[in-house]
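[1] no FASTA, just this:
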């Protein structure tokens, strides 16, 4: 695989930064927009982006905090984004649409596209699947798809479950039983909403795992849950992004 930083046109015609990773000599394949967690466009998320390319998918992670602090460290950019109220939903959708355009234009793309997101990115992956036409979406412990935001959360982090009727694709949700954002009760509530809308979805909740159980560089990492979750992701994308 090969990876590089690039700029592309996001929401409103703004030039934003992104991290693109693509397989080499693998023929045409599906593409994934990787939506980073609230801590930002960091090395851990870039490693995940490269992992998709190593598995045979084109992957692009847009820097959703780029406008808030161009050139700043992930921590500083995330802090600036929080201070500005978080990533507005319309901007997120526009930036994701721009990323999809980059991926669809690749010679190695087969035309099928998905999103995956972690934490706030999980919510944004769900939002993008409701506002854009996708082939698949993965939600990794997506907070505040349902439920009111607690005090201190960015003002943009409002529930988006009311958009479920517009969901354009199958959704895979991966959650921890010990998570508080979202809680198991909130996951169950979202299941009920999607079932009532007759949407295609698969939710998996892991025992002994809380928020950010995929994060290998944090104490929240849970080896068994993360490995099982990755296997679920590969199987899901193999079904929905293959030619």
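    On my side now, so go ahead. Please read all numbers here as calculations on a predicted model, not as lab measurements.

[2] what's the mean pLDDT across the lengthiest helix in the chain?
    Secondary structure of the chain per DSSP state H: the longest helix is helix 223-241. On average, the pLDDT along helix 223-241 is 98.

[3] in it, what counts as buried?
    By neighbour count, with 16 or more other CB atoms under 10 Å as the criterion, the buried positions of helix 223-241 are 225-226, 228-229, 232-233, 236-237, 240-241. Quick note: C-beta positions are derived from backbone N, CA and C, even for glycine.

[4] ok, those vs residue 79, which is closest?
    Closest approach between these and residue 79, by CB to CB: residue 226, at 27.0 Å.

[5] quick check: closest non-adjacent residue to that closest one.
    Distances taken as CB to CB, 6 or more residues apart in numbering place residue 214 nearest to residue 226, at 5.0 Å, with adjacent residues excluded.

[6] need the phi and psi values for that neighbour.
    Note on residue 214: its backbone torsions stand at phi -80, psi -10 [degrees, to the nearest 10].

[7] ranges for the strands of this protein?
    Assigned by DSSP state E, the strands in the chain fall at 2-9, 15-22, 29-35, 58-62, 109-118, 136-140, 171-176, 201-206.

[8] could I get these as CSV with mean neighbour count, mean pLDDT and distance to residue 189?
    Shown next, in CSV, are these (neighbours: other CB atoms under 10 Å; pLDDT from 0 to 100; distance: least, CB to CB, whole Å):
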stretch, mean neighbour count, mean pLDDT, distance to residue 189
strand 2-9, 13, 98, 36
strand 15-22, 21, 98, 33
strand 29-35, 28, 98, 22
strand 58-62, 27, 98, 29
strand 109-118, 24, 98, 19
strand 136-140, 29, 98, 14
strand 171-176, 26, 98, 12
strand 201-206, 16, 98, 11
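
[9] tabulate those strands in a markdown table, adding columns for distance to residue 79.
    Shown next, in a markdown table, are the strands of the chain (distance: least, CB to CB, whole Å):
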| stretch | distance to residue 79 |
| --- | --- |
| strand 2-9 | 21 |
| strand 15-22 | 17 |
| strand 29-35 | 19 |
| strand 58-62 | 19 |
| strand 109-118 | 18 |
| strand 136-140 | 23 |
| strand 171-176 | 26 |
| strand 201-206 | 30 |
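
[10] of all these, which one is nearest residue 221?
    Judged by CB to CB, the one of those that comes nearest to residue 221 is strand 171-176, at 11.2 Å.
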